[in-house]
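Undergrad: have a look at this prediction, sequence included:
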Amino acid sequence: MSLHTLDHYTPPPDEGLSLLYADEALLAVDKPAGLLSVPGRGAAFADCLIARVQRQYPEALIVHRLDMATSGILLLARGAAMQRTLSLLFASRVVRKCYSAVLAGRLQGEGRIMLPLGRDWPNRPRQRVDLLAGKSAHTDWQAQDYDRDADCSRVLLWPHTGRTHQLRVHMQALGHPILGDGLYAPAESLAAAPRLLLHASRLQLPHPLTGAALDIACPAPF
C-alpha cells in the first residue's frame, strides 16, 4: 500500500517486540499485519515497525520492507555499516525468502511465474503485469494443501526478485488471488479473510560477519 494513498491508519496495538533473532550485527522481528515498516508522511503515520524497534535498539536500521498488510520476518541492521553489508546481500539475491499464503481456489503441484511487473498508473498504488515495459519478476510456488469446504489452497512462495506487490500480482495473474487482498482480490476472496493472508515465514542468509548459515523461521498465524 502506498503511503500516499492511505485514507486512515490504525496500527495494531504495541504489545512489545516479537524478537526472532538478535546478535551484535542484526535483528529479526515478526512484524504484525497492519503495521507500516517505515513511517509515512505526517504524525498520523509515525507509528511503524522501525520506530518500535528503535525504542529498544536505537541503532537499528531498516534493510528491507514488508507491505503494511503483510506479516512476518523483517530483518534490521545494527548500525550503518551493517546496513550497507546486509543491503548488498539482498541486492545480490543471496538472501532466500519464503512466504506462506492462502489463495482462492484449488492449486496443486508447484510452478514458476516469470511475468514482468510495472506500475498501474491510473490505479495507484496497484501494480500490473506489463509485458512491454515491466521489470522482470520471478516467483516460485508450491502447493501445500487444499481446504475443500472453503475452496482455498495453502501455498509456499519464493520470490527471487523484489518487485512491489510481486507475490500479490503474480498470484492474481495465476488465477488464485491471495485471500483478504484489498488491492487485487475480487470481492468474494477479499471477504474470505479478515486480513491479507500473506506472511514472511522463513529467511535464509549467510551471517554478514561470520558467513555461517542463518535460518530464521516464523510460522504463519493463520
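TA: Good, I have the coordinates. Numbers count the residues shown, from 1 in each chain.
Undergrad: so residue 83 is in which element?
TA: When elements are assigned from DSSP states H and E, residue 83 belongs to helix 80-91.
Undergrad: an error on my part: the question was meant for residue 28.
TA: strand 26-31.
Undergrad: tell me which residues are up against that strand.
TA: Defining contact as C-beta atoms under 8 Å, 6 or more residues apart in numbering, one finds that strand 26-31 is touched by 17-22, 37, 49, 53, 57, 60, 66, 70-78, 82, 86, 200, 203, 208, 216, 218. Backbone N, C-alpha and C define where each C-beta goes, glycine included.
Undergrad: who touches the most centrally placed residue in the chain in this structure?
TA: Per C-alpha atoms, centre = their mean, the C-alpha nearest to the average position across the chain is that of residue 66, at 3.9 Å. By C-beta under 8 Å, 6+ apart, residue 66 lies in contact with 31, 37, 72, 74, 200.
Undergrad: so how far is residue 104 from the second one?
TA: Going back to what we said before, that points to residue 37. 26 Å (C-beta to C-beta, to the nearest Å).
Undergrad: that older thread, what's downstream of the helix holding residue 83, the next helix or strand?
TA: strand 96-104.
Undergrad: quick one: list the elements packing against that following strand.
TA: Under the contact criterion of 3 or more C-beta pairs under 8 Å, 6 or more residues apart in numbering; DSSP states H and E, strand 96-104 touches strand 152-159, helix 166-174, strand 198-206.
Undergrad: would you map out the domains in this structure?
TA: 3-94, 99-198 (automatic domain parsing).
Undergrad: can you put these in TSV and add distance to residue 212?
TA: Compiled in TSV, these are given as follows (distance: least, C-beta to C-beta, whole Å):
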stretch	distance to residue 212
domain 3-94	11
domain 99-198	22
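Undergrad: out of the ones you listed, the one nearest residue 222 is which?
TA: Comparison of these against residue 222 by C-beta to C-beta identifies domain 99-198 as nearest, at 5.3 Å.
Undergrad: can you give me the end-to-end span of the closest one?
TA: 7 Å (C-alpha to C-alpha, to the nearest Å).
Undergrad: distance of the residue in the chain sticking out farthest from the centre relative to residue 196?
TA: Going by C-alpha atoms, centre = their mean, the residue of the chain most distant from its centre is residue 149, 27.4 Å out. Noted for residue 149: a distance of 21 Å to residue 196, by C-beta to C-beta.
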